[in-house]
Structures are given as C-alpha cells and as structure tokens.
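Asker: Could you work out the structure for the sequence below:
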Amino acid sequence: MRSEKLEYLDGLKGIGCVAVFLTHFVYAFYYGMYRYDPASCHLPGGLDIAVGKSPLNVFFNGNTAVRLFLVLSGYLLCRGFFLTGDKRRLGRSAARRYLRLMPPVLAVNLLIWLCMTLGLYQNGAAAELAGSQEWFAGFNAFAPSFAKMLKESLYGCFLFGTNDYNGVLWTLQMLFLGAYLDYGMAALFGGKRWRWIVYAAAAALLVRTDFLAIFLGYVLCDFMHTDWAWRKRLCGQRALNWALLAAGLYFMCYPSAGFGYEGTLWGILPFVFVNYYHILGVLCFVFAVLNLEAAQRFLSLGVFRYLGRISYSLYLIHFLVIATFGSWFLLTFEPQFGYNLTGLLNLALISLITVALSELSVRYVEPLGGKGERFFERLVRGKRA
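Answerer: Purely as a prediction, here's the structure:
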C-alpha cells in the first residue's frame with residue numbers, strides 16, 4: 001500500500017514552528033506578554049498582559065508548540081509501517097534518521113559560531129532596552145569554541161540535549177532518541193493484540209520526561225490505523241471531533257508562565273500539570289484534525305504547506321536571526337521610530353530573513369543527508385562485493 005502524504009499535517013507542523021518563532025520574538029522584545037510584568041510591557045494600556053492572558057497566547061505558547069511538533073513527529077515516524085506492515089521501512093528510516101537531522105544543525109551552528117566570533121550577538125544590550133534581561137540576555141554570552149560547537153552539532157544535541165550554541169537544540173534529543181523508541185516499539189510490538197498494555201507501561205515510565213509527547217504521537221498513529229469498527233464510528237462523529245478540537249485549543253492555550261493565570265479561563269487548573277495540559281490539548285486537537293475534512297482543507301492551504309516544508313530549518317535558524325539582526329535593528333532604530341513601530345518592522349524583517357535562510361537550507365543543506373546516505377550505501381555495497 002502506498003503511503004499517501006498528509007499535507008494538512010505538514011501545514012500543522014508549519015504553524016507549530018511559526019509559533020515557536022513568535023514565542024522567541026515575544027520573549028525577546030515583548031516579555032511582558034509572558035511575564036505579566038508592567039516593567040517589560042511596551043504596548044499602550046497594558047495590552048501586553050491582556051494578550052498574554054487571552055487565548056491569543058496560543059500563537060506564542062512555545063511549550064504547546066514544541067509538544068505539537070513532537071506529537072506530529074511521533075505520528076508520522078511509523079505511519080508507513082502501519083500502512084504496509086513492512087518492518088524493513090522501520091530499518092531504513094532508523095538508518096536515515098541521523099543523516100537527515102544532522103547537516104542543518106551543523107550548518108546553523110557553524111553560522112552561529114562565526115557570528116559569535118565576529119561579535120554580532122547584541123542580545124544583552126537589546127534585552128536591557130526590551131526589559132527581557134531575565135530571559136534574553138544570557139544567550140551565547142561566552143567565548144566561542146570551534147571544538148565545543150562541533151561536539152554539540154555532531155552528537156551532543158542528539159544524545160544529551162546540549163544546546164549552548166543554539167538554544168532550540170534541546171528538542172533534538174527527543175526527535176532523535178525518541179524516534180528510535182518509536183521504531184523499536186513498532187518493530188517489537190506492532191500488530192500484537194497485547195501491545196496496548198506495553199504502551200500503557202511505557203507511557204507510565206515516560207510520564208515525567210519530555211519523550212512522552214513523541215511516544216504518544218506514535219500511539220495515536222497506531223490507534224488511527226487499527227481496523228476496529230468502534231474506532232471508525234468514533235472517528236466519524238463530527239460533533240465529537242469539533243468538541244475535541246475546541247477542548248484541545250483550550251488546553252493548548254494554557255499560559256506557560258506559572259503565575260498570573262488566576263481569574264482567567266484556565267484559573268481552575270493548577271499549574272503543576274501544565275505540560276500535561278499542553279500534551280492533552282495537542283492530542284485532542286490532532287485527533288480532531290485527522291477526522292475533520294474542513295480542518296484538513298484549511299491546513300492544506302499553500303502557505304501552511306510551505307511553512308511545513310521549511311519548518312525544520314526555520315526552527316533551527318530563527319533564534320540566530322532574532323539575537324543578531326533583530327537585536328541590532330532594535331538598538332539602532334528604536335530612538336528614531338519608537339519602540340512599537342520598530343518592533344513591527346523588526347518582526348517583518350526577521351521573518352523575511354528567516355524564511356530566506358530556511359529556503360536556502362532546504363535547497364542546499366538538508367539534501368546533504370540524502371547524499372551522505374547514498375555514499376554510505378555505495379560504501380557498504382563495495383565492501384560486500
């Protein structure tokens with residue numbers, strides 16, 4: 001059976017990546033939206049805090065966006081296997097995983113190392129002007145080491161979550177090791193009637209880790225490809241799916257700050273379970289999207305599919321642009337244009353630069369993984385011959 005590409009999930013992945021980008025832009029230049037501190041606010045009438053405490057915070061809720069990215073990755077990793085039952089697909093995917101992920105990481109970290117060497121990071125000074133010292137000032141504030149940058153790029157981020165040079169790399173450990181967890185589960189237990197008991201035990205073991213989201217994405221994929229009549233009836237309930245979509249959005253919007261949510265829509269929910277709210281919300285939302293054609297058509301729009309196409313490179317590149325160009329632009333033009341006009345222009349220019357660099361990475365850097373894979377295949381064939 002041919003594995004049909006789910007373009008609407010690519011579109012959803014692109015939206016999630018943009019939410020991570022907006023999270024870091026807001027934290028850097030409009031920290032009051034997250035921290036609810038008037039000293040960090042810049043919009044008139046305390047609008048920063050009002051937006052941060054409203055459902056609009058889903059557009060810059062980085063915790064939710066990362067969980068969305070991980071759940072979608074878990075869902076798509078083994079989908080080909082569930083469609084075909086061919087375990088060789090799992091082996092091929094596992095063999096390709098490192099070479100697919102590593103080249104863009106190395107390319108961006110090389111660029112980061114160069115920018116640090118040239119003194120282009122101005123996030124410390126920009127953080128003072130923006131009132132985001134607590135979060136923004138400390139990034140890349142150390143003497144760069146080429147050797148340490150290589151270690152982070154080649155294996156540190158994948159095995160240990162090292163992210164000194166590029167702060168977003170902490171998720172690469174889940175995307176890499178979590179993928180092998182999913183591949184292993186599919187290879188060992190895929191198709192077994194009692195696999196759900198194993199899944200429940202594995203989820204219990206992972207419940208206090210960041211690997212939970214990518215594993216639950218895999219479990220959702222297995223569930224969606226079972227041939228149970230009751231599952232099909234459940235998925236066909238339009239009213240239920242719209243309710244799950246709304247419930248998913250409610251939990252996905254739960255503020256990440258850890259305080260100040262009293263009196264809001266989420267005031268009845270204790271903060272201690274914030275990660276689980278976001279994972280639950282993402283699972284409900286993705287399940288609904290998988291069963292609602294209207295949502296699928298919307299997420300399949302060209303702009304979302306394009307964002308999904310460049311999402312991995314955009315995720316890796318955007319913070320570099322914010323901390324270098326974005327900081328320089330704010331410090332240079334804020335005295336002339338005022339803070340908010342400068343912020344609006346800054347957002348537009350950072351977006352354009354990030355998309356352009358991401359497009360270059362998709363065209364010329366990401367394909368290097370495929371070339372490396374073909375090289376090793378020829379090498380192995382040559383040794384066998």
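Asker: how close does the nearest residue to Gly326 once chain neighbours are set aside get to Tyr31?
Answerer: Once flanking residues are discounted, Gly326 sits nearest to Ile350: 4.9 Å by CB to CB, 6 or more residues apart in numbering. Yep, even glycine has a C-beta here, placed from its N, CA and C like the rest. In this view, Ile350 and Tyr31 are 16 Å apart by CB to CB, to the nearest Å.
Asker: What ranges in the chain fall below the confidence cut-off?
Answerer: 1-3, 372-385 (pLDDT under 70).
Asker: In the helix or strand encompassing Ser327, which residues are buried?
Answerer: Assigned by DSSP states H and E, Ser327 belongs to helix 327-337. By neighbour count on 16 or more other CB atoms under 10 Å, the buried set for helix 327-337 is Ser327, Trp328, Phe329, Leu330, Leu331, Phe333, Glu334.
Asker: Check the gap between the fourth one and His318 for me.
Answerer: Computed as CB to CB, the Leu330 to His318 distance reads 16 Å.
Asker: Tell me which other helices or strands the helix or strand harbouring Thr64 touches.
Answerer: Thr64 belongs to helix 62-77 when assigned by DSSP H and E. Counting contacts by 3 or more CB pairs under 8 Å, 6 or more residues apart in numbering; DSSP states H and E, helix 62-77 packs against helix 7-29, helix 172-189, helix 212-224, helix 274-291.
Asker: now for the last one, which elements pack on it?
Answerer: The one in question is helix 274-291. helix 7-29, helix 62-77, helix 212-224, helix 238-252, helix 293-299.
Asker: how many degrees apart are it and helix 238-252 in direction?
Answerer: Helix 274-291 runs at 150 degrees relative to helix 238-252, counting by axes from the mean of the first three to the mean of the last three CA atoms, to 10 degrees.
Asker: ok, and what's touching helix 274-291?
Answerer: For helix 274-291, contacts defined as CB atoms under 8 Å, 6 or more residues apart in numbering pick out 8-9, 12, 61, 63-64, 67-68, 71-72, 75, 212-213, 216-217, 220, 224, 235-236, 241-242, 244-245, 247-254, 256, 258, 266, 269, 295-296, 299.
Asker: thought Thr354 was touching Val321?
Answerer: Yes: in this structure, Thr354 is within contact of Val321 by CB atoms under 8 Å, at 4.9 Å.
Asker: Surely Tyr75 and Gly217 touch.
Answerer: Yes: applying CB under 8 Å, one finds Tyr75 in contact with Gly217, separated by 4.3 Å.
Asker: the more surrounded of these two?
Answerer: Gly217 (27 against 24; other CB atoms under 10 Å).
Asker: Include distance to Gly45 when you put the helices and strands packed on helix 274-291 into TSV, please.
Answerer: Listed next are the helices and strands packed on helix 274-291 as TSV, based on distance: least, CB to CB, whole Å:
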stretch	distance to Gly45
helix 7-29	18
helix 62-77	25
helix 212-224	37
helix 238-252	26
helix 293-299	32
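Asker: so which of the ones you listed is the most packed in?
Answerer: Across the helices and strands packed on helix 274-291, averaging neighbours per residue (mean count of other CB atoms under 10 Å) puts helix 62-77 on top, at a mean of 25.
Asker: following that one, which helix or strand shows up next?
Answerer: helix 79-84.
Asker: Would you indicate which residues of that following helix are buried?
Answerer: Result for helix 79-84 [16+ other CB under 10 Å]: buried residues Arg79, Gly80, Phe81, Phe82.
Asker: for the next helix or strand after that helix, packing partners?
Answerer: Heading C-terminal from helix 79-84, the first helix or strand you meet, by DSSP H and E, is helix 87-117. For helix 87-117, the packing partners by 3+ CB pairs under 8 Å, 6+ apart come out as helix 79-84, helix 146-151, helix 157-160, helix 172-189, helix 311-321, helix 339-364, helix 367-384.
Asker: For those, could you give me a markdown table that also reports distance to Tyr121?
Answerer: Converted to a markdown table, the helices and strands packed on helix 87-117 look like this (distance: least, CB to CB, whole Å):
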| stretch | distance to Tyr121 |
| --- | --- |
| helix 79-84 | 40 |
| helix 146-151 | 14 |
| helix 157-160 | 19 |
| helix 172-189 | 21 |
| helix 311-321 | 9 |
| helix 339-364 | 15 |
| helix 367-384 | 26 |
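Asker: Select, out of the helices and strands packed on helix 62-77, the one closest to Leu90.
Answerer: For the helices and strands packed on helix 62-77, the distance to Leu90 is smallest for helix 172-189, at 4.9 Å, taking CB to CB.
Asker: Would you check the distance separating the very next helix or strand once past the closest one from the middle of the chain?
Answerer: Counting by DSSP H and E, the next helix or strand C-terminal to helix 172-189 is helix 195-206. On the basis of CA atoms, centre = their mean, to the nearest Å, helix 195-206 sits 24 Å off its chain's mean C-alpha point.
Asker: which of the residues in helix 195-206 are buried?
Answerer: Buried residues in helix 195-206 (16+ other CB under 10 Å): Arg195, Tyr199, Ala202, Leu206.
Asker: ok, now stretch 141-154?
Answerer: Pro144, Lys148, Met149, Glu152, Ser153.
Asker: May I ask which two of those are separated the most?
Answerer: Pro144 and Ser153 (12.7 Å).
Asker: tell me, what's touching these two both at once?
Answerer: With CB under 8 Å, 6+ apart as the test, Pro144 and Ser153 both reach Tyr165.
Asker: Would you tell me which of the helices and strands packed on helix 274-291 gets closest to Glu359?
Answerer: Comparing the helices and strands packed on helix 274-291 by CB to CB, helix 7-29 comes nearest, at 13.1 Å.
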